[in-house]
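In: pasting a predicted model and its sequence here:
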Amino acid sequence: MRFSIGMRNIKTAVAVLLCVLISFALKLEYPFYAAIATVIAMESSITSSYAAGKNRTMGTLVGAAFGGLFAFIEPHNAYLSALGIVYVIAVCNLLKWNKSVSIACIVFLAIMLNLRDGEPAFAYALHRVLDTLLGIGVAVLVNYFLIPPKHDRNLEKARLTVRRHLSSLARQLLRQGGGIHISPLKKDLASLQKACDTYKEEFDLAKNKSHDLVSRIEQELDVYRNTYSHMRMIRLLTDPDPQGVASLGTSLLQASNQKAESALAPESQAVIYRYHVACILGELQTLGLMVPTDIAYPLEDIAQSDTFLSSETRQQTNSEKTLENDRSPVTQRS
């Protein structure tokens, strides 16, 4: 465990500070709601902050509308509170505002249960909406102007991580002829895809976003995924569990709508293994990564062994037939 304070942590604290100071300056009665809104809206990117703020705003509008209406009828009523929750969730689902359901219920209950005696219900609901808008606005502005996220740097970092792990795992896999755990590479690819999507979707007022970088990363992602697929096939072929190879042959035959009666022959497995090795080497060369030279071909040894055994079996069978033929005349004469 390592204690650390990240930039998002600091920006959230700054946003809360500004919300409280602005609430005091405007003499708002409940700065709590503005501070809560800014904490929820502070995300790792400006676009995410806007999306979270939008969802909170929509939920606040629904919750405030029903909260003001039901509190106008009778605040602090347990049965009306439960009935109101039903209507709030139903309306959010009807409008397909699924991500706003929770906050809509919270705002509804805040109005329904916190309204003081003699306080106008609809005025209280309007103040909750304004508090929310204040908190969201502060979060987005702080996220944009106070050391905005360096998504291009994060994208390049994720890309280098994939390249480093891909090169290392491919070299080990080909050198040992299988037996290498490659699932961490799949997680790296998911992280790179997420970083690329964030970079593409990020709000860019200064027009500094590079579309060439996005295009290059997306092309590389295709090559990375292809390489991972070939590495995974090698793992399936060289899996120590014999049922794994059998199921591989069965699945390949079933995919082509043929009747699968047995697993792939060792000679066929060796050919498939060589094909995927060649594909991996080609992809590594395309990416400009180091191409390994010491490559193991374990399936060829198995195929040669099976061929030798089959040859011995055939010779033994032929010898037995010859002996039977030699004996048959003798048996007839006797």
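Out: Good, I have the coordinates.

In: what about this protein, any weak spots by pLDDT?
Out: 1, 203-209, 240-264, 301-334 (pLDDT under 70).

In: ok, the spatially most central residue of it to I182 distance?
Out: Centroid-nearest residue in the chain: A190, 4.8 Å away (criterion: Cα atoms, centre = their mean). As defined by Cβ to Cβ, to the nearest Å, A190 lies at a distance of 14 Å from I182. Every residue, glycine included, has its C-beta placed from N, CA and C.

In: swap in V271?
Out: Distance from V271 to I182, by Cβ to Cβ: 22 Å.

In: so those two - more neighbours on which side?
Out: Neighbours were counted for V271 and for I182 using other Cβ atoms under 10 Å; I182 has more, 17 against 14.

In: next one: phi and psi at that one?
Out: I182 adopts backbone torsions of phi -110, psi 0, taken as degrees, to the nearest 10.

In: same check on I147?
Out: Backbone torsions of I147, given as degrees, to the nearest 10, read phi 50, psi 70.

In: now it. Nearest residue, chain neighbours left out?
Out: Closest residue in space to I147, ignoring its immediate chain neighbours: M7 at 6.0 Å, by Cβ to Cβ, 6 or more residues apart in numbering.

In: isn't the one you found up against K150?
Out: No - the pair M7 / K150 is not scored as a contact, 9.5 Å apart, by Cβ atoms under 8 Å.

In: looking at those two, which is more packed in?
Out: Shown here are M7 and K150; by other Cβ under 10 Å, M7 has more neighbours (14 against 11).

In: burial count for R216?
Out: 12.

In: please name the residues that touch it.
Out: Not one residue lies near R216 by Cβ atoms under 8 Å, 6 or more residues apart in numbering.

In: tell me which element it falls in.
Out: Taking DSSP states H and E as the definition, R216 sits inside helix 211-237.

In: buried residues in that helix?
Out: 213-214, 217, 220-221, 224, 227-228, 230-237 (16 or more other Cβ atoms under 10 Å).

In: with stretch 150-168 instead?
Out: 151-152, 154-155, 158-159, 161-163, 165-167.

In: now, which of those sits nearest C196?
Out: L155 (6.1 Å; Cβ to Cβ).

In: so which elements touch the strand or helix carrying the closest one?
Out: Following DSSP H and E, one finds L155 within helix 151-176. Other helices and strands packing on helix 151-176, by 3 or more Cβ pairs under 8 Å, 6 or more residues apart in numbering; DSSP states H and E, are helix 183-201, helix 211-237, helix 266-287.

In: for L17, which of the ones you listed is the nearest?
Out: helix 183-201 (26.5 Å).

In: roughly how far out does the closest one sit from the chain middle?
Out: 7 Å (Cα atoms, centre = their mean, to the nearest Å).

In: identify all contacting residues around it.
Out: By Cβ under 8 Å, 6+ apart, helix 183-201 touches 44-45, 47-48, 151-152, 154-155, 157-159, 161-162, 165-166, 169, 209, 213-214, 217-218, 221, 224-225, 228, 231.

In: cool, and stretch 17-36?
Out: By Cβ under 8 Å, 6+ apart, stretch 17-36 touches 16, 37-38, 110, 127-128, 131-132, 134-135, 138, 142.

In: by neighbour count, which of those residues wins?
Out: Highest neighbour count within the contacts of stretch 17-36, by other Cβ under 10 Å: T38, with 33 neighbours.

In: any idea how far V142 is from that one?
Out: For T38 relative to V142 (Cβ to Cβ), the value is 8 Å.

In: what's the answer for I103, then?
Out: 20 Å.

In: relative orientation of the stretch of helix or strand L69 belongs to and helix 183-201 in degrees?
Out: L69 belongs to helix 46-73 when assigned by DSSP H and E. If you take axes from the mean of the first three to the mean of the last three Cα atoms, to 10 degrees, helix 46-73 sits at 70 degrees to helix 183-201.

In: and the following helix or strand past helix 46-73, which residues are buried?
Out: Downstream of helix 46-73, the next assigned helix or strand under DSSP H and E is helix 78-94. With burial defined by 16+ other Cβ under 10 Å, the residues of helix 78-94 counted as buried are 80-81, 84-85, 88-89, 91-92.

In: thank you kindly, that will do.
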